[in-house]
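**Student:** Below are the sequence and a predicted model for it; my questions follow.
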Amino acid sequence: MSCKIGQIVHFKKLGEGGLNRSFLITLDSGFQLVARIPYPIMIPKAYALASEVASMDLLRSRGLPIPEVYAYSLTPENEARTEYVLMEYVDGTDLSQIWFDLKEGEIISLMDQIAKLESIMMSVSFPAGGSIYYTGDLKGLSGSEGVPLEGEIEGMSLEKGRFCIGPDVSPPLWYGRREQLDVFRGPCTSYFSYLFRLFLINRRQ
């Protein structure tokens, strides 16, 4: 999907999270989408955005109800002058607005649905520890193609060369002075390499 700034007729702030601001964009055609713009403090910004986009796509292919990503930029070198993710707008009611009005049976049903979705996510196993990326994005960021995800994985038929496992973007591995460390952050193919990586990061910070 592509659109021009001149097509935007309404721009509304939806909310703020710990790492992103979210905006609702309405085009002159009436089409609506969400723009997520990361705060400057997000670390590591490009890797985290790349992993988020690929992870959403991968989980959608598993049948999970996740918004579709229309477009994204891992750098501020674009018309908006910021990194961004443009994604599907899903209209609905914020759970926090109705939670205390729900009956016991409704709460049980809701929690059961959430538990089933979590079970699907946790049932997926991968050949290495790290974060999920599009292979092309990771190669552009690091020069590496990571550990490939392809074939049949837990009910997902993955296109060869599309997804891979790369560096872990977990905040504890990058926060503060750790961002400046030139250390291996994955992908890890064994428990030993994972523990050794944590040892090096904690020792050098």
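**Tutor:** All right, it came through fine. Residues are numbered from 1 along each chain as shown.
**Student:** Only C-alpha atoms from now on, for both contacts and neighbour counts.
**Tutor:** OK.
**Student:** residues making contact with stretch 134-151?
**Tutor:** Contacts of stretch 134-151 with the rest of the structure, by C-alpha atoms under 8 Å, 6 or more residues apart in numbering, involve 46-47, 50-51, 54, 126-128, 157-166, 187.
**Student:** per-residue confidence at residue 3?
**Tutor:** pLDDT recorded at residue 3 is 68.
**Student:** let me redo that: residue 150
**Tutor:** Looking at residue 150, its pLDDT reads 73.
**Student:** The contacts of stretch 134-151 in strands, which ones?
**Tutor:** Counting by DSSP state E, the contacts of stretch 134-151 place 157, 158, 159, 160, 161, 162, 163, 164, 165, 166 in strands.
**Student:** how about JSON lines for the residues you listed, with distance to residue 77 and neighbour count added?
**Tutor:** Converted to JSON lines, the ones in strands among the contacts of stretch 134-151 look like this (distance: C-alpha to C-alpha, whole Å; neighbours: other C-alpha atoms under 10 Å):
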{"residue": "157", "distance to residue 77": "34", "neighbour count": "13"}
{"residue": "158", "distance to residue 77": "31", "neighbour count": "15"}
{"residue": "159", "distance to residue 77": "29", "neighbour count": "11"}
{"residue": "160", "distance to residue 77": "29", "neighbour count": "12"}
{"residue": "161", "distance to residue 77": "26", "neighbour count": "15"}
{"residue": "162", "distance to residue 77": "24", "neighbour count": "16"}
{"residue": "163", "distance to residue 77": "24", "neighbour count": "25"}
{"residue": "164", "distance to residue 77": "25", "neighbour count": "27"}
{"residue": "165", "distance to residue 77": "26", "neighbour count": "25"}
{"residue": "166", "distance to residue 77": "24", "neighbour count": "28"}
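**Student:** For the residue most central in space within the chain, give me its contacts.
**Tutor:** Residue closest to the average C-alpha location in the chain (C-alpha atoms, centre = their mean): residue 52, at 1.5 Å. Shown in contact with residue 52 (C-alpha under 8 Å, 6+ apart): 132, 133.
**Student:** how far away is it from residue 59?
**Tutor:** Plainly put, residue 52 is 11 Å away from residue 59 if you go by C-alpha to C-alpha, to the nearest Å.
**Student:** now residue 47
**Tutor:** Counting by C-alpha to C-alpha, the gap from residue 47 to residue 59 is 18 Å.
**Student:** what about those two, which has more around it?
**Tutor:** residue 47 (21 against 16; other C-alpha atoms under 10 Å).
**Student:** my guess is the more buried one meets residue 169, correct?
**Tutor:** Yes - with contact defined as C-alpha atoms under 8 Å, residue 47 counts as touching residue 169 (6.8 Å).
**Student:** just the helices in this structure please.
**Tutor:** Using DSSP state H, the helices found in the chain span residues 45-61, 95-98, 104-122, 135-142, 191-204.
**Student:** And the second one, how far out from the chain middle?
**Tutor:** A distance of 24 Å separates the C-alpha centroid of helix 95-98 from that of its chain, computed with C-alpha atoms, centre = their mean, to the nearest Å.
**Student:** Start at 22, not 1
**Tutor:** From this message on, residue numbering opens at 22, which makes the last subject helix 116-119.
**Student:** Let me see the mean pLDDT of that helix.
**Tutor:** Averaging pLDDT along helix 116-119 yields 88.
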